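Engineer: kindly generate the corresponding structure for this input.
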Amino acid sequence: MTELKLRPIRRFPVTIGGITLYLSSCRTVGVSVIREQCTADNLAAVTASYPKGTRVTLEGWLAPAQDAQAVIAALAARLFDASEEDVTVRGLCFQKARLCGYTVNENQEHTAVTLTLYTPLAPVLAEVEEG
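Structural biologist: Just a heads-up that it's a prediction; the model follows:
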């Protein structure tokens with residue numbers, strides 16, 4: 001007998017510049033440039049470290065009621081304005097995040113969106129509002 005377990009697809013809403021994206025994946029990459037020099041003992045030593053910020057790639061879908069052309073126009077405006085905003089993804093806040101790339105892929109079933117954001121700051125846990 002074959003057993004089949006179904007798990008519901010979990011999508012988490014994230015709002016960026018008035019656009020709500022239902023996430024299917026989130027990828028976070030932090031990078032630092034390290035400078036090494038040789039010591040008098042002929043050993044390598046880190047002499048400087050330069051944090052390069054954090055890149056966040058969000059993939060998901062638009063709600064069916066959202067107009068894809070309006071979303072493309074809004075994303076293009078954000079990209080060229082270089083505007084910054086705090087973006088919270090599942091309890092992690094990326095402060096002063098700036099849009100640095102987007103892809104919108106429309107098909108008959110849904111509109112897929114990929115956003116790439118950059119922040120020079122380290123991500124922090126979002127404060128939970130008590131109600």
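Engineer: all contacts plus neighbour counts: C-alpha atoms, from now on.
Structural biologist: OK.
Engineer: tell me the spacing between residue 110 and residue 75.
Structural biologist: Here the criterion is CA to CA, to the nearest Å. By it, residue 110 lies 18 Å from residue 75.
Engineer: out of the two, which sits in the busier spot?
Structural biologist: Between residue 110 and residue 75, residue 75 has the larger neighbour count (other CA atoms under 10 Å), namely 22 against 13.
Engineer: mind listing the strands for the protein?
Structural biologist: Assigned by DSSP state E, the chain shows strands spanning 12-16, 19-38, 44-62, 84-89, 92-106, 111-119, 124-125.
Engineer: reformat those strands as TSV; add mean pLDDT.
Structural biologist: Converted to TSV, those look like this (pLDDT from 0 to 100):
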stretch	mean pLDDT
strand 12-16	84
strand 19-38	89
strand 44-62	89
strand 84-89	91
strand 92-106	94
strand 111-119	94
strand 124-125	92
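Engineer: those: which one's closest to residue 70?
Structural biologist: strand 19-38 (9.6 Å; CA to CA).
Engineer: ok, that closest one: who's next to it in the sheet?
Structural biologist: Here strand 19-38 is paired, per DSSP bridges, with strand 12-16 (antiparallel), strand 44-62 (antiparallel).
Engineer: could you export the last one as CSV, CA atoms only?
Structural biologist: Included here for strand 44-62 are C-alpha records, laid out as CSV according to Å, rounded to 0.1, in the frame of the first residue of the first chain:
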residue,chain,number,x,y,z
ALA,A,44,48.7,34.4,7.3
ALA,A,45,46.8,37.0,9.4
VAL,A,46,43.6,38.8,8.8
THR,A,47,44.4,42.5,8.8
ALA,A,48,41.1,44.0,7.8
SER,A,49,37.5,43.0,7.3
TYR,A,50,35.0,44.9,5.2
PRO,A,51,31.3,43.9,5.5
LYS,A,52,29.6,44.1,2.1
GLY,A,53,26.0,44.0,3.4
THR,A,54,23.2,41.6,2.8
ARG,A,55,21.4,40.5,-0.3
VAL,A,56,17.9,39.1,-0.1
THR,A,57,16.2,37.3,-2.9
LEU,A,58,12.4,36.9,-2.6
GLU,A,59,10.4,34.7,-4.9
GLY,A,60,6.7,34.4,-4.9
TRP,A,61,3.4,35.3,-6.5
LEU,A,62,1.1,38.3,-6.8
